[in-house]
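Student: Predicted model follows, preceded by the sequence.
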Amino acid sequence: MRVTSDLWVSAMLRRVFASGGYGAVVRRGATEAGAIFVVVRLRFGEATLYAPRAQSDYGGARPDERMFSAVLEAADDAAIEARLEKERRFDSDLWVVEIEADQRLVDELL
């Protein structure tokens with residue numbers, strides 16, 4: 001059974017904080033099943049935006065875990081905000097979570 005978006009985001013943020021990182025919910029979406037977008041902040045002001053992977057990537061099964069793909073890498077805030085605005089026009093119930101964590105944890109989570 002797949003957990004709700006609210007629970008998944010809470011668990012992710014707890015793991016980030018436990019590892020010495022930082023995270024915040026920038027935009028709260030639908031509690032049950034809102035799409036989750038994650039902005040990973042890098043050292044020099046750049047960021048990477050991760051988006052939910054397409055349903056076709058899951059194959060025929062319904063997975064218990066969420067899958068993400070980097071859609072913008074080493075991007076500035078303007079590029080990320082433009083992409084998120086485009087996504088919001090399509091799905092107003094989406095979540096935006098921003099984290100600062102080491103790459104090992106990012107690879108585990110996303």
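Tutor: Noted; the coordinates are in hand. Nothing here was measured: the structure is a model prediction, and the numbers come from that model.
Student: Tell me the secondary structure at residue 96.
Tutor: With DSSP: H, G, I helix; E, B strand; the rest coil as the basis, residue 96 sits in strand.
Student: Just give the number of residues close to it.
Tutor: Using other C-beta atoms under 10 Å, residue 96 has 22 other residues around it. Where C-beta positions appear, they are placed from N, C-alpha and C, glycine not excepted.
Student: cool, and the one 3 residues further on?
Tutor: Residue 99: 23 surrounding residues under other C-beta under 10 Å.
Student: and if you look at the one 3 residues further on?
Tutor: Residue 102 sits with 11 neighbouring residues when counted by other C-beta under 10 Å.
Student: quick one: it and residue 21 touch, right?
Tutor: Yes. At 7.0 Å, residue 102 counts as touching residue 21 under the criterion of C-beta atoms under 8 Å.
Student: how about the helices in this structure?
Tutor: Along the chain, counting by DSSP state H, helices occupy 5-18, 77-90, 103-109.
Student: List the buried residues for the second one?
Tutor: Yep, that's helix 77-90 we're talking about. 80, 83-84, 87 (16 or more other C-beta atoms under 10 Å).
Student: want to try JSON lines for those residues, with distance to residue 38 as columns?
Tutor: Listed next are the buried residues of helix 77-90 as JSON lines, based on distance: C-beta to C-beta, whole Å:
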{"residue": "80", "distance to residue 38": "11"}
{"residue": "83", "distance to residue 38": "13"}
{"residue": "84", "distance to residue 38": "11"}
{"residue": "87", "distance to residue 38": "12"}
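Student: Pick the one among those closest to residue 52.
Tutor: Residue 52 lies nearest to residue 87 out of the buried residues of helix 77-90, by C-beta to C-beta, at 9.8 Å.
Student: low pLDDT regions in this structure?
Tutor: 1, 55-65 (pLDDT under 70).
Student: which residue ends up closest to the midpoint of it in space?
Tutor: The residue lying closest to the centre of the chain (C-alpha atoms, centre = their mean) is residue 38, at 2.3 Å.
Student: What is the burial count for residue 16?
Tutor: There are 21 residues near residue 16, going by other C-beta under 10 Å.
Student: what pairs with the nearest residue to it once chain neighbours are set aside across the strands?
Tutor: Counting by C-beta to C-beta, 6 or more residues apart in numbering, the nearest residue to residue 16 once its immediate chain neighbours are dropped is residue 23, at 4.2 Å. On the basis of DSSP bridges, residue 23 is bridged to residue 99.
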